[in-house]
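Visitor: Make a model of this:
(2 chains)
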Amino acid sequence: MTEPLSILDLVLNASIVVQIVMVILLLASLMSWVMIFQRGFNLAAAKRAAVNFEDEFWSGKDLRNIYLEMKDDDQSAHFGLSSIFTSGFKEFSRARKQKDSDPDAVMQNVQRAMRVAMSREEERLETHLAFLATVGSTSPYIGLFGTVWGIMNSFRGLATVNQASLSIVAPGISEALIATAMGLFAAIPAVIAYNRFSAQAELQVNRCDAFIDEFSGILHRAIYGH
Amino acid sequence: MNVVNATSSYVLPFFLAVFLHLVVGFGVNIQWSSSSTKLFQQDRPIYLNATLVNENPYAAKKRREANERQQKRLARQKREQQIRRLRDKETAAEAEKERLARLRDQLEQQKLREVMQKMQAESPPVVKQNQKDLETERQLMEQGLVEAIRGEQEFRIAVTDDERALAYVGQIQRQIIQNWSRPPSARNGMQALLKVYLVPTGEVVEVVVIESSSNEAFDRSAILAVRKSERFVVPEEPREFEKNFREFSVLFKPEDLRL
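Guide: From the prediction side, this is the model:
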């Protein structure tokens, strides 16, 4: 028929280098979308958890009760503010059990424990963001490489034909340009997602920081109030 | 708050991502194919008769052309003759005038003043009018001739455009005929209509039987004839190629058989 130029034909007829580039880009796109969905769910859950925890924390309940409730829960389920709270409160109650504890040393220990919990939290919030950034910045170049290679080949093919016409080079260029399209297709969502998620992670970290300050203020009052 | 189980948190995202890619891939493919069919839509095919008759198509064409040329020449000759006749008339009128003038001189010489006065009163206006009429008529004729010549030129250009296509068609015909070996079961009155698809380089990409001759061997021989030619000479100009040679139909009928 009149040369049915479907995308599948173009991809299957491409040279091996271009095909490899396409496969790499397809994998990059797939993986970055897996990360995007996973990060999206994860960050949304973290936000929800933080809001729930803050509600509970400021509900006026006894902190000890809250701590005991949380300790009964599955340990691994704690993340975000609650993990900071449990680690800080655990440290605090352990220090209070010792009779001759120096209030300053207790405060320092508690704060250190909370910082450790927070850095672990930060790390978890930012997993995969580096991957998204890499995909976003390199996949256009990979796609461009595929295109340049494909066009190079199709022009080389043109050199051997004595009756040069546009219809000889056009399919080659078309299939080569698919590589660039795929590169952009992988890169654009990755860049958008990277910016969005890093801003959200930053927000969470700030919230944790503020919480640490508030909580250590409360503990400080509890220590020196005695 | 049940997310942190590492592997299970990736299952749903993975399927979502695969689903998204499949949807995008299908969408692009569908959109692509619909737009490309719109791009390559064809207008009507031309029909070639690959009949095995003895007449040489080139000779026939030449005869027809010669005929046309002859007719054109005759027409022009006729027109020229008319003009010549007009010119003759004009010269005759001038001669008449001269004669009259001479006559007048003679009359003067003979001092027949009265007669001469009468002549002066009558003849010169008549002659003048005659002359004017002839002049305008001649101009009109000349204009007509110029227009006719121009029209003829235009027609000739059109004919050469058509001619070129015809030349390619003739060549394709001969190529097919050369490669056609009819099966013994071929009978007069059988005919198979084939559709041939070419690429711009002239290579045959597909041959389809549109109207079968109800004789399989005959159909096969026709397909083989086209396939064996492999490559036809087609116009280099893409517009011409798209118009007539991207796809065309060939009619096979064994007319020279006496069975």
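Visitor: Going along the chain, name the strands of the stretch 1-150 of chain B.
Guide: Here the stretch 1-150 of chain B has its strands, by DSSP state E, counting those that start in this stretch, at B:46-51.
Visitor: Now do the helices in it.
Guide: Counting by DSSP state H, counting those that start in this stretch, one finds helices in the stretch 1-150 of chain B at the ranges B:8-39, B:57-109, B:113-179.
Visitor: Equivalent analysis for chain A, please.
Guide: For chain A, the helices defined by DSSP state H occupy A:7-13, A:16-57, A:63-72, A:81-97, A:103-125, A:129-160, A:166-225.
Visitor: re earlier: tell me which of the helices of the stretch 1-150 of chain B lies nearest to A:V205.
Guide: Checking these against A:V205 by Cβ to Cβ gives helix B:8-39 as the closest, at 20.6 Å. The way it works is simple: take the backbone N, C-alpha and C, and place the C-beta from them, glycine included.
Visitor: Return the list of helices and strands in contact with the closest one.
Guide: Applying 3 or more Cβ pairs under 8 Å, 6 or more residues apart in numbering or on different chains; DSSP states H and E, one finds that helix B:8-39 contacts helix A:7-13, helix A:16-57.
Visitor: To chain B, which of those helices lies closest?
Guide: Among these, the nearest to chain B by Cβ to the nearest Cβ is helix A:16-57 (3.4 Å).
Visitor: Tell me the helices and strands packed up against the closest one.
Guide: Using 3+ Cβ pairs under 8 Å, 6+ apart: helix A:16-57 touches helix A:81-97, helix A:129-160, helix A:166-225, helix B:8-39.
Visitor: Point out the most buried one among those helices.
Guide: helix A:81-97 (a mean of 20; mean count of other Cβ atoms under 10 Å in any protein chain shown).
Visitor: and that one with helix A:63-72, angle?
Guide: For helix A:81-97 against helix A:63-72, the angle by axes from the mean of the first three to the mean of the last three Cα atoms, to 10 degrees is 120 degrees.
Visitor: tilt between helix A:81-97 and helix A:103-125?
Guide: Using the same axes, to 10 degrees: helix A:81-97 against helix A:103-125 is 160 degrees.
Visitor: Keeping just the C-alphas, turn helix A:81-97 into CSV.
Guide: The C-alpha trace of helix A:81-97 is given here as CSV (Å, rounded to 0.1, in the frame of the first residue of the first chain):
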residue,chain,number,x,y,z
LEU,A,81,6.6,13.8,63.4
SER,A,82,5.5,10.8,65.3
SER,A,83,8.9,9.1,65.0
ILE,A,84,10.6,12.3,66.1
PHE,A,85,8.2,12.5,69.1
THR,A,86,8.7,8.9,70.2
SER,A,87,12.5,9.0,70.0
GLY,A,88,12.6,12.3,71.9
PHE,A,89,10.1,11.2,74.5
LYS,A,90,11.8,7.8,75.0
GLU,A,91,15.1,9.5,75.6
PHE,A,92,13.4,12.0,78.0
SER,A,93,11.7,9.3,80.1
ARG,A,94,14.9,7.2,80.2
ALA,A,95,16.9,10.2,81.5
ARG,A,96,14.2,11.1,84.0
LYS,A,97,14.4,7.6,85.5
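Visitor: May I have the phi/psi pair for the residue of the stretch 101-250 of chain B at minimum distance from chain A?
Guide: Here the residue of the stretch 101-250 of chain B nearest chain A is B:P200; by Cβ to the nearest Cβ that distance is 5.0 Å. Main-chain torsions, B:P200, degrees, to the nearest 10: phi -60, psi -20.
Visitor: residues from the stretch 101-250 of chain B in reach of chain A?
Guide: Residues of the stretch 101-250 of chain B lying near chain A by Cβ under 8 Å from any Cβ of the partner chain: B:197, B:199-201, B:205-206, B:236, B:238, B:246-247.
Visitor: now for these, which pair is the farthest apart?
Guide: B:E206 and B:E236 (21.7 Å).
Visitor: Show me what the lowest-mean-pLDDT helix or strand in chain A is packed against.
Guide: Between all helices and strands in chain A, the lowest mean by mean pLDDT, DSSP states H and E belongs to helix A:7-13, at a mean of 77. Contacts defined by 3+ Cβ pairs under 8 Å, 6+ apart place helix A:7-13 against helix A:166-225, helix B:8-39.
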